[in-house]
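J.: Below: sequence and its predicted model.
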Amino acid sequence: MNRKIKEAVVRLRGMCRRRRQDAGMVTSEYAMGIIAAVGFALLLYEVVTSGQVRAELQAIVKKALSARM
């Protein structure tokens, strides 16, 4: 019985070591993620502030505000 427990502990320790090796992102990956997020935010901002989308959003808001309860 003790041998089985010891084997299980050794296996668990091995799994933990493997997970620690690739636990997170490095600084360059964070930088690339931030750059991609900022680019996406700029693209989304341009789309939302375009004339046609702005008019549609205003129409939706006007319709919502004029609805009877």
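T.: Okay, I see it. Residues are numbered from 1 along each chain as shown.

J.: Going by contacts, tell me the helices and strands next to the helix or strand where residue 55 lies.
T.: Assigned by DSSP states H and E, residue 55 belongs to helix 51-65. Packing contacts for helix 51-65, counted by 3 or more CB pairs under 8 Å, 6 or more residues apart in numbering; DSSP states H and E, involve helix 27-48. In short, each C-beta sits where N, CA and C put it, glycine included.

J.: between the helix it packs on and helix 51-65, how many degrees?
T.: With axes from the mean of the first three to the mean of the last three CA atoms, to 10 degrees applied, the angle from helix 27-48 to helix 51-65 works out at 70 degrees.

J.: how about residue 2, what does it touch?
T.: Contacts here follow CB atoms under 8 Å, 6 or more residues apart in numbering; on that basis residue 2 touches nothing.

J.: distance of it from residue 41?
T.: 58 Å (CB to CB, to the nearest Å).

J.: Give me the distance from the helix holding residue 55 to the chain's centre.
T.: Helix 51-65 has its C-alpha centroid displaced from the chain centroid by 28 Å (CA atoms, centre = their mean, to the nearest Å).

J.: cool, and stretch 54-69?
T.: Using CA atoms, centre = their mean, the offset of stretch 54-69 from its chain centre is 30 Å.

J.: and what of stretch 42-55?
T.: 22 Å.

J.: Kindly report the same for stretch 34-41.
T.: 12 Å.

J.: CA atoms only: put it into CSV for me.
T.: Taking C-alpha atoms only, stretch 34-41 is exported to CSV below (Å, rounded to 0.1, in the frame of the first residue of the first chain):
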residue,chain,number,x,y,z
ILE,A,34,-1.6,44.6,-25.5
ILE,A,35,-0.7,45.8,-29.0
ALA,A,36,-3.3,43.5,-30.5
ALA,A,37,-5.9,44.7,-28.0
VAL,A,38,-5.2,48.3,-28.6
GLY,A,39,-5.4,47.7,-32.4
PHE,A,40,-8.8,46.0,-32.0
ALA,A,41,-10.0,48.8,-29.8
